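K.L.:
What follows is a protein structure lacking sequence information:
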């Protein structure tokens, strides 16, 4: 069952989402050639505790870190390590936090120094597909409308959307109903209703969308080794559309 959040719950989640977005903005400043993903993880955890939250990825299904740091062909859930970022990489930072009993979750993909035109375009298209999905996230539409919009835009740009992973509801649990696909048909799936809180997270590949498990046992990467990209926002459906709760302040 898809839960409808009360105004009080939405207020707490909005506060948590705002804090999380500020933390991710701080991490963005740290992304440059030479830094290790383990150092990014340390910074993320420190900032979460300083903000009055706690990491919600750490320990979830055995995941050993606070932050997910996926580089190039790696898509999601890669465990931070002593690997150093290098010029030309792209890195996805996926971070979650529990705040006053409620979860928040978001992800961005960033360039490391100067990157290839193809990588620039992949990031731009994935980010824009999320924006298009957000515009469809309004009461009266269905979650299938969102997936269809994302898929049509991404494939129209010559890329592919991942089928094996998806967005999700969120609240007292990190992953709640519904599962929100990044592909599909219009007017399918549950109807979006005011008060639903969920995460949209388009995952896009340059090559084939099929994935394989990464060597660390937690992450996923593209089977063909081509670049992948991931963006995610948490939002609440309102009577006027939707409000993004993890907006990054400029």
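P.N.:
Okay, I see it. Everything numeric in this text was worked out from a predicted model, so none of it was measured.

K.L.:
Against which helices or strands is the longest helix belonging to the chain packed?
P.N.:
Selection of the longest helix in the chain by residue count, based on DSSP state H, yields helix 7-30. Judged by 3 or more Cβ pairs under 8 Å, 6 or more residues apart in numbering; DSSP states H and E, helix 7-30 is in contact with helix 37-50, strand 90-99, strand 102-111, strand 197-200, strand 233-238. For the C-beta atoms, the positions are set from N, CA and C on the backbone; glycine is no exception.

K.L.:
Among these, show me which one is buried the most.
P.N.:
strand 197-200 (a mean of 27; mean count of other Cβ atoms under 10 Å).

K.L.:
Mean confidence (pLDDT) on that one, please.
P.N.:
Mean pLDDT, strand 197-200: 98.

K.L.:
Can you give the distance of that strand from its chain's centre?
P.N.:
Here strand 197-200 is found 10 Å from its chain centre; the criterion is Cα atoms, centre = their mean, to the nearest Å.

K.L.:
Just the residues contacting it, thanks.
P.N.:
5, 9-10, 13, 105-106, 130, 133-134, 137, 146, 150, 167-171, 178, 180, 232-237, 245 (Cβ atoms under 8 Å, 6 or more residues apart in numbering).

K.L.:
Skip ahead from that strand and say which helix or strand is next.
P.N.:
Note on strand 197-200: by DSSP states H and E, the next helix or strand toward the C-terminus is strand 203-205.

K.L.:
by contact count, what packs against that following strand?
P.N.:
strand 74-76, helix 117-136, strand 160-161, strand 228-230.

K.L.:
partners of it, with directions?
P.N.:
strand 160-161 (antiparallel), strand 228-230 (antiparallel) (DSSP bridges).

K.L.:
So what's the residue count around residue 140?
P.N.:
By other Cβ atoms under 10 Å, 10 other residues sit near residue 140.

K.L.:
now do residue 239
P.N.:
8.

K.L.:
how about the longest helix of the chain: buried residues?
P.N.:
9-10, 12-21, 23-24, 27 (16 or more other Cβ atoms under 10 Å).

K.L.:
Next, the angle helix 37-50 makes with that helix.
P.N.:
140 degrees (axes from the mean of the first three to the mean of the last three Cα atoms, to 10 degrees).

K.L.:
And the contacts of helix 7-30?
P.N.:
5, 39-40, 43-44, 47-48, 51-53, 67, 93, 95-106, 108, 110, 170-171, 195, 197, 234, 236, 243, 245-249.

K.L.:
at 6 Å what do you get?
P.N.:
40, 43-44, 47, 51, 93, 95, 97, 99-100, 102, 104, 106, 197, 234, 236, 245-248 (Cβ atoms under 6 Å, 6 or more residues apart in numbering).

K.L.:
quick one on the thing from earlier: from the buried residues of helix 7-30, which two are the most distant?
P.N.:
9 and 27 (26.6 Å; Cβ to Cβ).

K.L.:
And residue 171, how close does it get to residue 211?
P.N.:
Distance from residue 171 to residue 211, counting by Cβ to Cβ, to the nearest Å: 27 Å.

K.L.:
How about residue 219?
P.N.:
Taking Cβ to Cβ, one finds residue 219 at 10 Å from residue 211.

K.L.:
what's the answer for residue 135, then?
P.N.:
The value you get for residue 135 to residue 211, if Cβ to Cβ is used, is 27 Å.
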